[in-house]
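>>> Sequence and computational prediction follow.
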2 protein chains.
Amino acid sequence: MTITETPVAGKARADGPDLGRATHLSCRECAATVELGPHYACMECFGPLEVAYNYGTVTRERIESGPKSIWRYRDLLPVPENVASIPNTEPGFTPLLRADNLGRELGLKALWVKNDAANPTHSFKDRVVAVALAAARELGFTVLACPSTGNLANAVAAAAARAGIRSFVFIPSDLEQQKVITSAVYGTTLVAVEGNYDDVNRLASELAGQHEDWAFVNVNVRPYYAEGSKTLGYETAEQLGWRLPQQVVIPVASGAQLVKVDKAFHELVKLGLVEGEQPAIFGAQATGCSPVSTAFREGHDVVRPVRPDTIAKSLAIGNPADGPYVLDVSRRTGGAVADVSDDEVVEGIRLLARTEGIFAETAGGVTVAVLAKLLREGKLDPDAETVIFNTGEGLKTLDAVAPVVGPAGTIAPTTEAFHTLVPEA
Amino acid sequence: MTITETPVAGKARADGPDLGRATHLSCRECAATVELGPHYACMECFGPLEVAYNYGTVTRERIESGPKSIWRYRDLLPVPENVASIPNTEPGFTPLLRADNLGRELGLKALWVKNDAANPTHSFKDRVVAVALAAARELGFTVLACPSTGNLANAVAAAAARAGIRSFVFIPSDLEQQKVITSAVYGTTLVAVEGNYDDVNRLASELAGQHEDWAFVNVNVRPYYAEGSKTLGYETAEQLGWRLPQQVVIPVASGAQLVKVDKAFHELVKLGLVEGEQPAIFGAQATGCSPVSTAFREGHDVVRPVRPDTIAKSLAIGNPADGPYVLDVSRRTGGAVADVSDDEVVEGIRLLARTEGIFAETAGGVTVAVLAKLLREGKLDPDAETVIFNTGEGLKTLDAVAPVVGPAGTIAPTTEAFHTLVPEA
């Protein structure tokens, strides 16, 4: 082996992928160890694989001097040291907004909203896709792909465009025109598939087997992809002034986000970046797709799959891969998992918009409504500092609120007509 | 007068409004001086009023230690020192993204996109509304209002919700359902007015005369409101590492944004925060509403009003208040004003999305298309460092691209069907 002429940070490419401080993959079920590579299921027990690290020293100063994006936490992600300098959508470091109006309305003393609608394609998916792309490049993949029904499709198409690589996005053929446009505009090869999301997903898995240079972000590079969600936990703590909140409410689709945020909080404590107690972690689902909430309520350890029927389509995963781990986390931390009706979801969207000027997609409505419900039921402590995650943008799910919001009225263009419509003005 | 018990930063409220380092209003036409107050037209000549300041010392260090929003520049705005601590949407400090892919495609050496779609309601209007609200509060207004056809309505409704004050938003009754929902959801009193935007605007002016506690952001507090656009110029310079670019392309509706960005660059030089030459400033219009571009081309100093007919609705102001000043700035700096057809606007949107993963609204398409046109015509220097402003979000103007983007095809859920559709994959 000759010495490479271009110096690279961390491990030289000739030694294998440069995934920063990541050392190996580890099975969550049987703890078997697998070398870093395009693996996503344990060869011993088929359990999910998790990225493991040798972090060494990570300081607040080093993080704070980094870019205003998820890459400030690059030492804690499976990405190369120079990741921020390679064209990417630069997601993350989204606002953490104090929500006193909403807190007052719900009787909650100290409430914050982590608003991921501020990401480049306006959902948290930009985080996970950016990490998946960075890792996929190191693992030798040359094409980005995914099966999706919305937010993920937008994020993959945009990330691939900015990185200048080819992408394929697979969607159910009956998807709303709106979601089709917002992916197709980025110049991805968008393929409409006859069938439901399960059919699309199955096709994606088959194609992943045939195309060894295609990274399906949520299939064959999933262990790396999922690590991106940790950044929501890191940012929350840093933006609170390097403190952990006492309670967190997180929407549950596959459940990966909630599990990874718990992992992030543990890492921060272990690395000495924050002190104190682990927060109580609460999961939020829509009743029309609430397999984890049902299992929590019934005291089960396994999650029975359901057929989704809810307006919260971005949470509509009937067989959530991380469901059992969500149950573990919420029980271990003193949290809970709860669900709310579609009407409550719409009310949750309106409540957050009216009180804080934040227009969330249906998933955000689920989170706000579950927050309100858990407070009513006494399961959340009204005196404890609480953070809720808004993971997406209301502009993408206008249909949910269209039937219930509109003008106060239509008038002739005169002040008299106005004062007749609004006599108290 | 007794001493107030609550100490406040800057001037005491009992002495009048605390508008930071702003000292008075000054007429742009006759230079008459007016005291700070709810004035918007010169009492001598009816010319527009401009906020004047006594800046004193402003350092890079002070700015950099401020919040990650427009409030880091509070010393340069007509707002109180403690403005960031009063609930607001926290707009600004949006990404400045290096656009090498687009630059390469257009033959431009160094190109950046300032992406204001990252603002809270996804347009630059969040900046101007936040400044208007902060000033209006100091001037004694208790209600926020505006006539609007879209982005401004969203921004006013959201800002008022978060500030916990009442708002009234007036829109033409034939507005798209989509824009109605995105304002109404924030709980504003939304009033649909029979007629076109001019009718709505006239009604707003009449109501402003009747309700002395209502701040119509773009009418009776316009001098303060317009100052918010300066932050686009400040951020661009700071994010370039306290440097000015050589060329800037800015969309032109009323023209205020372009004029204020020029003002911002001058202030930065005067305050010693940056060195060097003023950038050449270029204005971008859609041909269907191009009164300023027409005047520029024909060498006129006055702008003849037109009746707008373009898909770029957020730029469709047929009688732009700042039109003559845009002509001044572009001529003085060695810039130009140009216009492009609606087809070119759509191509501009697609080009930016495909090359950089940024989905702009029609105004952004106008800017990209004008950039390309001015390069083709040799009016922009391909070797000069250039910044373009994307002022809004593609999700709000989906109809513009809907006819021309979509799936590559619809297939059965089999790998064979996929390979038939995409044989090269």
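Alright, I've got the coordinates. Just so it is clear, the model here is predicted, and its values are computed rather than measured.
>>> From here on, just use CA atoms for contacts and neighbour counts.
OK.
>>> A:Leu374 contacts A:Leu380, correct?
Yes: counting by Cα atoms under 8 Å, A:Leu380 is a contact partner of A:Leu374 at 5.5 Å.
>>> Who has more neighbours out of those two?
Each of A:Leu374 and A:Leu380 has its neighbours counted (other Cα atoms under 10 Å in any protein chain shown); A:Leu380 has more, 23 against 20.
>>> so the more buried one is in which element?
Using DSSP states H and E, A:Leu380 sits in no helix or strand.
>>> mind checking the SS state of A:Gly365?
Under the three-state scheme (DSSP: H, G, I helix; E, B strand; the rest coil), A:Gly365 adopts helix.
>>> What of the one 4 residues further on?
Using three-state DSSP, the structure places A:Ala369 in helix.
>>> burial count for it?
For A:Ala369, the neighbour count with other Cα under 10 Å is 29.
>>> As a check, name the ranges of all helices in chain A.
Along chain A, counting by DSSP state H, helices occupy A:60-64, A:100-106, A:125-138, A:151-163, A:177-184, A:197-210, A:222-227, A:230-239, A:256-270, A:291-298, A:323-333, A:342-356, A:362-376, A:415-421.
>>> Can the first one be said to contact chain B?
No: contact of helix A:60-64 with chain B is not found when judged by Cα under 8 Å from any Cα of the partner chain; the minimum separation is 12.5 Å.
>>> contacts for that helix?
A:72-73, A:273 (Cα atoms under 8 Å, 6 or more residues apart in numbering or on different chains).
>>> And it, what's buried?
A:Ile63 (16 or more other Cα atoms under 10 Å in any protein chain shown).
>>> Kindly report the residues of the stretch 301-425 of chain A close to chain B.
Residues of the stretch 301-425 of chain A lying close to chain B by Cα under 8 Å from any Cα are A:350, A:353-359, A:395-396, A:398, A:401-402, A:405-415.
>>> swap in the stretch 101-250 of chain A?
A:101, A:118-120, A:157-164, A:173, A:178, A:180-182, A:184-187, A:189-195, A:199-200, A:203, A:206-207.
>>> Which of the residues of the stretch 301-425 of chain A next to chain B fall in strands?
Residues of these located in strands (DSSP state E): A:409-411.
>>> Please indicate which of those residues are buried?
Buried subset of those (neighbour count, 16+ other Cα under 10 Å): A:410-411.
>>> want to try JSON lines for the ones in strands among the residues of the stretch 301-425 of chain A next to chain B, with pLDDT and distance to B:Leu258 as columns?
Output for those, formatted as JSON lines (pLDDT from 0 to 100; distance: Cα to Cα, whole Å):
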{"residue": "A:Gly409", "pLDDT": "95", "distance to B:Leu258": "36"}
{"residue": "A:Thr410", "pLDDT": "96", "distance to B:Leu258": "35"}
{"residue": "A:Ile411", "pLDDT": "97", "distance to B:Leu258": "35"}
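>>> And A:Ile181, how close does it get to A:Glu267?
Counting by Cα to Cα, to the nearest Å, the separation of A:Ile181 from A:Glu267 is 39 Å.
>>> Those two: which is more packed in?
A:Ile181 (23 against 18).
>>> contacting residues for that one?
So A:Ile181 contacts B:398, B:401-402, B:405-406 (Cα under 8 Å, 6+ apart).
>>> just these that are near chain A?
Within the contacts of A:Ile181, those near chain A by Cα under 8 Å from any Cα are B:398, B:401-402, B:405-406.
>>> Buried among the residues you listed? Need that as a selection in PyMOL.
Provided next is the PyMOL selection string for whichever of these are buried by 16+ other Cα under 10 Å:
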select buried, chain B and resi 398+401+402+405+406
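>>> quick one: A:Val191 and A:Val169 touch, right?
Yes: the criterion here is Cα under 8 Å, and A:Val191 meets it with A:Val169 at 6.1 Å.
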